[in-house]
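>>> Got a predicted structure here, sequence first:
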Amino acid sequence: MKRILTIIFFLLAGIGNRTVAQHQSFTVSTFKKVPDELMGCGDCYYLSEKDKKKTSFVCVTDYTFALVYINNKSIRLKANDKISHDKNEEIYTSGQYILIVKKGKMKQLDSEYYQFKGTITIKSGSKVLYQQQIEGEGGC
């Protein structure tokens, strides 16, 4: 009987000591400060009308580069026309991430200013890490 209890004890102790793989967290943060080199012509993306009023971006582009904050770090991605995509999409890539901006119908407000709604998607390889509806505006 003691042997059986000892075996059960060691089995239970072994189960309690198993290590579980930690899943790496993935967060996208809004930000307010935009580097000077991204100022000028481009697009600004917001998570909501409230963020737009607060000038709190989820992404900013100058059509050549895009800036997002992932896990509280600024990530700069470069426009990539080599990846096939729809004509209403823009693709930006870094070594680790792919940013897809899909714009809906644009509302032209003057010759150099427009607004739109759309979706941003962040992928790593073929795995979607983040997808969110956005509001945007852009021009020169």
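Noted; the coordinates are in hand.

>>> in the protein, which spans are strands?
In the chain, the strands defined using DSSP state E lie at 28-29, 42-46, 59-61, 65-70, 73-79, 89-93, 98-103, 107-110, 113-124, 127-139.

>>> among those strands, which is nearest residue 35?
Nearest to residue 35 among those is strand 65-70; the distance by C-beta to C-beta comes to 7.1 Å. All C-beta atoms are positioned from the backbone trio N, CA, C, and that covers glycine.

>>> and that closest one, how far from the chain's centre?
8 Å (C-alpha atoms, centre = their mean, to the nearest Å).

>>> so what does that strand touch, helix or strand wise?
Counting contacts by 3 or more C-beta pairs under 8 Å, 6 or more residues apart in numbering; DSSP states H and E, strand 65-70 packs against strand 28-29, strand 59-61, strand 73-79, strand 89-93, strand 98-103.

>>> for those strands, which one ends up most surrounded?
When the helices and strands packed on strand 65-70 are scored by mean count of other C-beta atoms under 10 Å, the highest mean neighbour count falls to strand 59-61 (a mean of 23).

>>> That one: partners in the sheet, and parallel or antiparallel?
strand 42-46 (antiparallel), strand 65-70 (antiparallel) (DSSP bridges).

>>> coming back round to it: out of the helices and strands packed on strand 65-70, which is closest to residue 44?
strand 59-61 (5.4 Å).

>>> Give me the residues contacting the closest one.
With contact meaning C-beta atoms under 8 Å, 6 or more residues apart in numbering, strand 59-61 is reached by 34, 38, 42-45, 66-68, 79, 90, 92, 99, 101, 120, 134, 138.

>>> Burial check on residue 106, number of neighbours?
15 (other C-beta atoms under 10 Å).
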